[in-house]
Structure formats: structure tokens, C-alpha cells
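>>> Requesting a structural model of the entry that follows:
(one chain, ligands or ions: 1)
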Amino acid sequence: MAHTTLATAIKSMGWPCGTVDASTYVSSPGEGTVSATDVVAPNLMLLRPLSASIIKMIWEAKTLTTGIVLGLVIISAVCYIRSPWRKLPPSPRRLPILGNALQLRDKSWLISKDCKERFGEVLYLDGAGQPIIVCNSLKSAFELLERRSGNYSDRPRFVMAQEILNGGLLFSLMGYNDCWRRMRRAAHEALTKRVLQNYHPVQTKEATILISSLLNPSVNLKQDRHFKRAATSRIMSIVYDYPTILSEHDHGVEKIEAFNDRISHSVIIGSYLVDIFPWMNRIPARFAKWKRQGLKAFAEGSEMFRGLLNHVQVDLADGGDRPSFCASLIQHPDRGSLSELEMSFLAGTLYSAGAETTANSLSWWALAMIAFPEVQRRAQGEIDDVVGRNRLPTFVDSPRLPYVHAIIKEILRWRPSVALGVPHATTEEDWYEGMYIPKGTICISNLWHCNHDRAVFGEDADKFRPERHLDDHGESLPGPVETYQAGHVGFGFGRRICVGKDMAIESLFIDTVRILWATKLERTRDENGKEVSLDIETIIDAGLVYRPVPYDCVVKPRFAEVESILAEERERFGI
Ligand code: HEM
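Got it, this is the predicted structure:
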């Protein structure tokens, strides 16, 4: 539903409302783009209760679209009138804005500067009777999602994405219930820093394959394709002990990707009416094609995830002892006491939550290295001092490379790939700074604005500056308390904070340190030898993750011995 259609319809009623700058927003779901610097947020539409003019407009509706839009507005109004909010005393900070569920379908405007400047630290929306708050400051997000995490750790009800497509078993979208607690415990214990050491050989091998593929002149893929393949291969190896994936078109991965795409599409508010009007879930499947299709996808997904888990079970029964996330779940049934189906979906969730997010962060990282060559050179200087040029860096070098780590922190801060976090929800009513937050409110942690919060990161918060994470001697500085001392909140907040964050940081470390050691990343040049300009401001909304516009880059070996040292390393790993 394009904003412009709704806005035009309402404007013609003579009520105040704005339109979206069509050049900045793309209205097709899941593919919105927004510029980080110069965008305008759409005016939020303050609708008044039903009036004669709406009825008149319907009567005069010329097009089917206008008719449908107005029909939805009326249904929203009815929901609002029936909502418990009506019985509450008005709160000075409450903005009863109707119809925002439709606007949130293209949520890119939430990361625009305008959104924070105009609507402040906490924005309160009404999604057809569903209260929604957006925390635009680190202070409010930390106070609510961390300090009051007992109340803010639920997830909104995703009828299509969670209940229908995943039988309620997708860990990342699960409510704050007993099953979530058991899964979280099992995942947490299988991903501690000590356990993660078992995966260092796989991580190192994957990083080696990644640099070899980046340096291969015959491979002419945009950078993000390499990163996607590498991240996918790594997570499949760690979760399922799956063999290294060398092709982007691996059949098994294509199946999981198709499954993930369906989920990414279905979490976008407005993709399925059943998420706006949950009563529709009572419609029997035989009368609802969308429900039949969803249930079929659940059956296929269960079979696929069970098959992958079964593979590990058979290997263990045959005496296999290779480490993997699934093997550790099977070997420690006491951790969380999960059923076989729960284990399969927990493992499947790790894949879906870990592959694209990591690939995306690598994509932003490479873009920053090309856009800021002085940062790249300084990191390479540090690596030369610590590692030298006779061998590739390893995890053992990690504590002595603070600048390499500072760049990773800065990427997760400057361009958080899950820019709007994963929404939380309240289990009880609450008050925050004079604002009433009803039970069941959806709470969006705007990680973009939290990470760019000037009150915490200073006036240059929008700038890419890894030095902010170092002290005067170039050593790592602990970040502010509200960032869990990490220097960014790219992994979210509270009890739902990313369970794979340590693994993600280790992957980013070994990939980036090896790429920096072996290669020089440069801008491409046009036929006149002039550097092609780079777009570091446009952000593509790809469902839950936000990624850069695909870019080209020139990758060269940094010195003569790179090829021979890499060849030895490949031989060592048998690749
Ligand atoms: C750079 C890479 C990554 C980023 C930026 C990232 C970011 C996030 C964010 C923002 C959340 C939501 C937190 C919240 O609700 O407040 C999340 C949740 C989650 N992440 Fe990650 N993540 C990354 C990598 C990974 C990896 C590698 C894994 C798996 C090994 C993983 C597994 C999960 C899971 C399972 C959840 C859901 C946790 C829950 O609902 O309790 N993530 N992640």
C-alpha cells in the first residue's frame, strides 16, 4: 500500500497530513531504501473519529484502491474505538495515531534523521488498535528493554511468520514463554566463548576460502555475493557440520533460503492481513489459500530441519566426534530438555538469524574499507607490526589487534545491519516519563538511532570513526554502560539480546583480519582512470536487515608472497 495513496485520500478530506517524498521511498514491501542524511519522515496522520466525510468519500470512491484503503481505515477505526485505550485517562505523551500499521509496512522512514528530530526519544504509534512504541534514544531503549527486561522480553504476535509458518517454534520470534527459556538456555550453553573455540578451525578455514575467492580474478561477483556464500557456509558447518559450500547455488541452502525469504516477507507488518486482524486466523484453512500455503510451508520446513538434525544424529551414532551446534544439543539433552522438533527448529533459527546478518555486516565493512582508505592502511599497519608478513593472522593474535576490533565495533555501530532490531513486547502495563504503555505494546528498539545517539557518542555520532573505541594509547576502551560496554548496540537489548553475538564477532574478526592481511581493497575506476563514486548513505531495507547498495571493488594482493602463503594454508586445510 503506497503511503501516497492513503495520504492523498486523507488530504482530500481537508485534514492535516503529509506525503512521503517519492524519490526517497520505494513502496514495494521489503525493498524500501532510505538515505541516512537527507530524508523527510512522512507526517503521521492524526485521524479523527469516523465522520460523515469518510462515508461521503467511500460513496464517491472512484478506484478500487481508494475503496479498499478507506475500508481498512474504517476497520482500523472500529478496532480503535473498541481498544482498551479508550477507557484510559489521556496521557500527555500519547499520540493516538490511526492507520500506522499501513505506514509501517515501509518502515525505512523510522531510521531517517527526521523521525528522531520530529518525534523525539519515544514515538508512540497506533497500528489499528495495536499500541507500538519506537525507542529512538539509547537512554529509553536501555531503560525499558534492559532495566525493565522482566516486562519487555516478549515478542509481538506474528501470526503468519510464527504461528502458521513455524508452528510457534521459531526461537527468535517466540513469545517469552517456557519453550523460549528452554531454547535460550540450550543455545546459550552451546555458544559460550569456551565452546566457540571448537569452531576456530572451521572459522579460519572459511576465512581462507573467502580471501582466495576475493582474489580470484575470474570470479566476477559483487562483493556481497562472496560474503553471503562465506557466511552461509560457515554457519551451516558450525550448526550442522555441513560440508564447505563452494557454490552460491547449493541445493540444500537454496531450500533454507526460500524458507527464510518467506519468513522475512511475512514479518513485515501489513504483508498479511491476518497480522493486523488476528481473528482471521480462525478462518478454516480450506477457505483461506494463504493459510493452506503457510501450513504446507511449515510441514516442508519441519521435514527439512528434521532431516538436517537427523544427519548429525546418524553421524554421532556411527561414532563421529566432529563438533557442531546440533551435536552439542544431542549430547547434552539436559540443557533445556528439548524435544527433537524443538531442537530442529532451534538449529534452523540459528541459521536464519546468523547467516544474513553476518554477511551484511561484512558488506558494510568492505564498503567502509574502500570509502576510508586511511582506516584500512592503519589496520594493515597494526597487523604488519603484530603478525608480520610470513604467516596469516589467527585467533591467537586477536588480543593484540585493538584497531582491527575497533573497526568491527564501529561497523556494528555506524551501520547496524538489523537497524530496527527485532521488536519486543510488554507483558504488563507500564509508565515511562509520563507516558502510558499498555500491556501488549510492541516495542521497536531503533538500533539505528540508538547507535547514532549524540548524547552518548558525541556530535560526530554519524561519522565512521573507529578511534572512538580506543584510548590515547591505542588500547580498547570499554564502551558506555548502556552499550553493555561494547561501544554499540548492534545486537539488541535485554534478555532477547543476540544469542550468537560472540560467534558473530569471532567470524567478523577472522574474516576481516585475514582480508586486511592479504588484500588491498580499492575503488573501481572509470575509463578515464577516475575513481567511481561510492554510495555510503543509501540503505536498502531487505526485511529485517538493512544493507548497502551493491558496489564493485578492486581486490589486489597486498604483497608478492601472499599467493604462496595462501596456497600453503589452503593445502593445510585440504581445500
Ligand atoms: C553481525 C551479526 C549479527 C547481528 C548484527 C545480529 C543482531 C541481532 C539482533 C539485533 C537481535 C535482536 C535482539 C533483540 O531482540 O533485542 C538478534 C537476535 C538473535 N540473533 Fe543475532 N545477530 C548477528 C549474528 C547472529 C548469529 C551468528 C547467530 C547464531 C549463531 C544469531 C542468532 C540470533 C538469535 C537466535 C536471536 C534471537 C534471540 C532471542 O529472541 O532470544 N545472530 N540478533
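>>> any idea how far the residue lying closest to Arg292 once chain neighbours are set aside is from the ligand?
Nearest residue to Arg292 in three dimensions, chain neighbours excluded: Ala285, at 4.9 Å (CB to CB, 6 or more residues apart in numbering). C-beta here means a position set from N, CA and C on the backbone, and glycine is covered the same way. Ala285 is 28 Å from the ligand, where distance means CB to the nearest ligand atom, to the nearest Å.
>>> How about Ala317?
From Ala317 to the ligand the distance is 25 Å (CB to the nearest ligand atom).
>>> now swap in Met369 and tell me
Met369 is 16 Å from the ligand, by CB to the nearest ligand atom.
>>> Gly434 too?
Counting by CB to the nearest ligand atom, the gap from Gly434 to the ligand is 25 Å.
>>> Now that residue. Its backbone dihedrals?
Backbone torsions for Gly434, taken as degrees, to the nearest 10, come to phi 80, psi 10.
>>> That one: how many residues sit nearby?
Other residues lying near Gly434 total 9 when counted by other CB atoms under 10 Å.
>>> repeat for the one 4 residues further on
Residues within reach of Pro438, counting by other CB under 10 Å, total 17.
>>> what's the pLDDT at it?
Note for Pro438: predicted pLDDT of 92.
>>> For it, what are phi and psi?
Per degrees, to the nearest 10, the backbone of Pro438 is at phi -70, psi 160.
>>> That one against Thr427, yeah?
No. Between Pro438 and Thr427 there is no contact under CB atoms under 8 Å: 11.3 Å.
>>> got the residues of the chain near the ligand?
Within the chain, the positions adjacent to the ligand are 171-172, 184, 349-350, 353-354, 357-358, 361, 417-418, 421-422, 424, 445, 490-493, 496-500, 503-504 by CB under 6 Å from any ligand atom.
>>> Just give the number of residues close to the residue of the stretch 151-300 of the chain found nearest the ligand.
Nearest residue of the stretch 151-300 of the chain to the ligand (CB to the nearest ligand atom) works out as Ser172 at 3.6 Å. Neighbour count for Ser172, taken as other CB under 10 Å: 22.
>>> residue contacts, it?
By CB atoms under 8 Å, 6 or more residues apart in numbering, the contact set of Ser172 is Thr349, Ser352, Ala353, Val422.
>>> Setting aside sequence neighbours, what's the nearest residue to the second one?
Using CB to CB, 6+ apart and skipping the chain neighbours, the partner closest in space to Ser352 is Asn260 (4.7 Å).
>>> for the strand or helix carrying that neighbour, packing partners?
Using DSSP states H and E, Asn260 maps to helix 251-266. Contacts defined by 3 or more CB pairs under 8 Å, 6 or more residues apart in numbering; DSSP states H and E place helix 251-266 against helix 223-240, helix 289-317, helix 340-371.
>>> Let me see the mean pLDDT of it.
On average, helix 251-266 scores 79.
>>> do the same with stretch 138-145
97.
>>> Now do the end-to-end distance for it.
10 Å (CA to CA, to the nearest Å).
>>> what's the answer for stretch 459-479, then?
16 Å.
>>> how far is that stretch from where the chain is centred?
24 Å (CA atoms, centre = their mean, to the nearest Å).
>>> what residues does that stretch touch?
By CB under 8 Å, 6+ apart, stretch 459-479 touches 36-37, 368, 371-372, 375, 402-403, 405-407, 409-410, 414, 451-454, 457-458, 485-488, 536.
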